[in-house]
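> Build me a model from this:
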Amino acid sequence: MLVRGQNKTDWWRFAILPSAFYLGTLLYGSLLRLDRVWIMQLLFLMAAAVIYYYYRYTYFYLFRPVKYRVASIESLSLYANFFSFFFTVAGLYGIQSSLNAPLWQFILFLSLFTIAVLYQLLWANKLSVQESIVFLLVDVLVIIELAWSLAFWPVNYHIAGLTLAIMYYCLSNLTRLHLLHELDKNKIKTYLIYSAGILALLWLTAQWV
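Below is the predicted model:
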């Protein structure tokens, strides 16, 4: 949980999530077909709503603590973090494939983005950077290796992005719970079983190229 009374000059930490979400929306939206304008509009409306509520909670947290509901930023971060990751990764896969850009550029950008969103997730849960830096770097390396492998899979960017996003969600939340000393066997089984089940369903129903 965030600590009330934090230095308000830490505005850049509060800006990570909305910036990542907006970036992901732009990347993903830019690849949607023009005959599906309503999907694009719905996507940007959702992004606007998420960013609005995030900054609303931030405002209450910093300036109107009486109105702030405990763990609002932390809860919103969990879901917005996942969607911003999915939109960004899917967009990067799509752009890299369309432009036939060098894979190392995709991996470099994804590395920086993953570091940023993972840092935001851990920071939102009041986890020290010094204590979590090793876990953060290990998670980033795992995500990058998975992303590199998925780049060669015969699937479209939607499936590749969603596959990596589910893996990211599972890994990042297991790391978060471990650092919060809230991880147990039941939670590990739950995350692994649900993630494996969703991935299996996704791959079985996906249209392979």
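> CA only for contacts and neighbour counts going forward, please
Fine.
> low pLDDT regions in this structure?
1-9, 33-35, 209 (pLDDT under 70).
> go with 90
Filtered on pLDDT under 90, the chain yields the residue ranges 1-13, 29-43, 60-75, 97-101, 125-126, 128-131, 154-155, 204-209.
> where along it do the helices fall?
Using DSSP state H, the helices found in the chain span residues 11-29, 37-63, 72-99, 103-124, 129-150, 157-179, 185-205.
> Give the buried residues for the fifth one.
Translated: helix 129-150. Applying a neighbour-count criterion of 16 or more other C-alpha atoms under 10 Å, one finds 132, 135-136, 139-140, 143-144, 147, 150 buried in helix 129-150.
> The last one too?
Using 16+ other C-alpha under 10 Å as the burial criterion, the residues of helix 185-205 that qualify are 191-192, 195, 199.
> So what's the residue count around the closest residue to Leu183 other than its chain neighbours?
For Leu183, ignoring the flanking residues on the chain, the nearest one in space by C-alpha to C-alpha, 6 or more residues apart in numbering is Leu177 at 5.0 Å. Residues near Leu177, counting by other C-alpha atoms under 10 Å, number 16.
> Roughly how far does Leu177 sit from Ser19?
Look at Leu177 and Ser19: by C-alpha to C-alpha, to the nearest Å, they are 25 Å apart.
> out of everything not next to it in sequence, what's closest to the residue located most distally from the centre of the chain?
The C-alpha centroid of the chain is most remote from Val66, which lies 29.4 Å away (C-alpha atoms, centre = their mean). Of all residues not flanking Val66 in the chain, Phe60 sits nearest, at 7.7 Å (C-alpha to C-alpha, 6+ apart).
> Test my guess that that neighbour contacts Val70.
No - using C-alpha atoms under 8 Å, Phe60 is not in contact with Val70; the gap is 10.6 Å.
> And the nearest residue to Tyr119 once chain neighbours are set aside, how far from Ser128?
Using C-alpha to C-alpha, 6+ apart and skipping residues adjacent in sequence, the residue nearest Tyr119 is Leu136, 7.4 Å away. For Leu136, the distance to Ser128 (C-alpha to C-alpha) stands at 11 Å.
> ok, now Arg36?
From Arg36 across to Ser128, the span is 43 Å (C-alpha to C-alpha).
> the more surrounded of those two?
Ser128 (12 against 9).
> show me the contacts for that one.
Neighbouring residues of Ser128 by C-alpha atoms under 8 Å, 6 or more residues apart in numbering: Leu122.
> now do Tyr157
Here Tyr157 is in contact with 90-91, 93-94 (criterion: C-alpha under 8 Å, 6+ apart).
> What about Gly29, how many residues nearby?
Residues near Gly29, counting by other C-alpha under 10 Å, number 20.
> Ser172 is in contact with Leu118, correct?
Yes - applying C-alpha under 8 Å, one finds Leu118 in contact with Ser172, separated by 7.1 Å.
> what residues are up against Ile159?
By C-alpha under 8 Å, 6+ apart, the residues touching Ile159 are 90, 202-203, 206.
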